[in-house]
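[1] let's see this in three dimensions:
(2 chains)
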Amino acid sequence: GAVVSQHPSWVICKSGTSVKIECRSLDFQATTMFWYRQFPKQSLMLMATSNEGSKATYEQGVEKDKFLINHASLTLSTLTVTSAHPEDSSFYICSARDTLHRGKYSPLHFGNGTRLTVT
Amino acid sequence: DQQVKQNSPSLSVQEGRISILNCDYTNSMFDYFLWYKKYPAKGPTFLISISSIKDKNEDGRFTVFLNKSAKHLSLHIVPSQPGDSAVYFCAASARYGGSQGNLIFGKGTKLSVKP
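    Coordinates of the predicted model:
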């Protein structure tokens, strides 16, 4: 089955530093990847849609200058949390859909997430 | 406004019995519904889906039922096993509206299957 690899699985950083999270589709190509964020006991909230070779589309309320997204290839998207603050501490999860499945009923495949703690 | 609602934050079931997880939605444009299973500190794993043209989809021990008129879907697990203990997320998608097929998730229901 389709595998999405996310790295790192957890990271602790100091306030004011930047953190990069990688999301790779291992056995399929993904023109579109999605970045979600989950707070404790809350649902997964879509932050942005990452499009290969073009700018990401951000959801309302998500600062594009703070959460930089780069989707340079069909198998890799990165999310960089810039100038991180304690309130950015959360669980970040990426997902992707197999490009070959162009039908609407192709499920998203998720990475294992990244637990970010900003001290 | 929450478009996908899972009103039961938790459910406890005895091993071998049926687990029924419920989900309600408000957006009539949703035409594709999925259930994901999630373990702590892991990403969600796709479990089963159903399109709006169907009212039932079955895969092994898992069956999803869709009632469009009530905007309600449910996931049945029978028989339940201890390994099914996880958080189950209901998700919905609309083909149109520029959403690019992204999913709207409920808050999840934590299922505990007791031996």
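[2] check contacts around residue 74.
    Since no chain was named, I'll use chain A. Counting by Cβ atoms under 8 Å, 6 or more residues apart in numbering or on different chains, A:Leu74 makes contact with A:25, A:29-31, A:52, A:99. In short, each C-beta sits where N, CA and C put it, glycine included.
[3] correction: the question concerned chain B.
    B:Ser74 neighbours (Cβ under 8 Å, 6+ apart): B:20-23, B:64-65.
[4] which residue does chain B have closest to chain A?
    Nearest residue of chain B to chain A, counting by Cβ to the nearest Cβ: B:Gly43, 3.6 Å away.
[5] show me what contacts that residue?
    With Cβ under 8 Å, 6+ apart, B:Gly43 has these contacts: A:4, A:6, A:93, A:95, A:110-113.
[6] so how far is A:Met33 from A:Leu74?
    10 Å (Cβ to Cβ, to the nearest Å).
[7] need the overlap of contacts for these two.
    In terms of Cβ under 8 Å, 6+ apart, A:Leu74 and A:Met33 are both contacted by the residues A:Ser25.
[8] these two touch, right, B:Asn27 and B:Ser93?
    No. Between B:Asn27 and B:Ser93 no contact is recorded; they are 9.9 Å apart, counting by Cβ atoms under 8 Å.
[9] more neighbours: which of the two?
    Shown here are B:Asn27 and B:Ser93; by other Cβ atoms under 10 Å in any protein chain shown, B:Ser93 has more neighbours (23 against 15).
[10] just want the residue of chain A that's nearest chain B.
    Counting by Cβ to the nearest Cβ, chain A gets nearest chain B through A:Phe110, at 3.6 Å.
[11] what's the closest non-adjacent residue to that residue?
    Computed as Cβ to Cβ, 6 or more residues apart in numbering or on different chains, the closest residue to A:Phe110 that is not its neighbour in sequence is B:Gly43, at 3.6 Å.
[12] secondary structure element for that neighbour, which one?
    In this assignment (DSSP states H and E), B:Gly43 forms part of neither any helix nor any strand.
[13] how about the one 4 residues further on?
    Element membership for B:Leu47 (DSSP H and E) is strand B:45-51.
[14] buried residues in that strand?
    Applying a neighbour-count criterion of 16 or more other Cβ atoms under 10 Å in any protein chain shown, one finds B:45-50 buried in strand B:45-51.
[15] how about low-confidence regions in chain B?
    B:1, B:95-101 (pLDDT under 70).
[16] which residues of it lie near chain A?
    Within chain B, the positions lying close to chain A (Cβ under 8 Å from any Cβ of the partner chain) are B:4, B:9, B:31-32, B:34, B:36, B:41-46, B:49, B:51, B:89, B:93, B:95, B:100-108.
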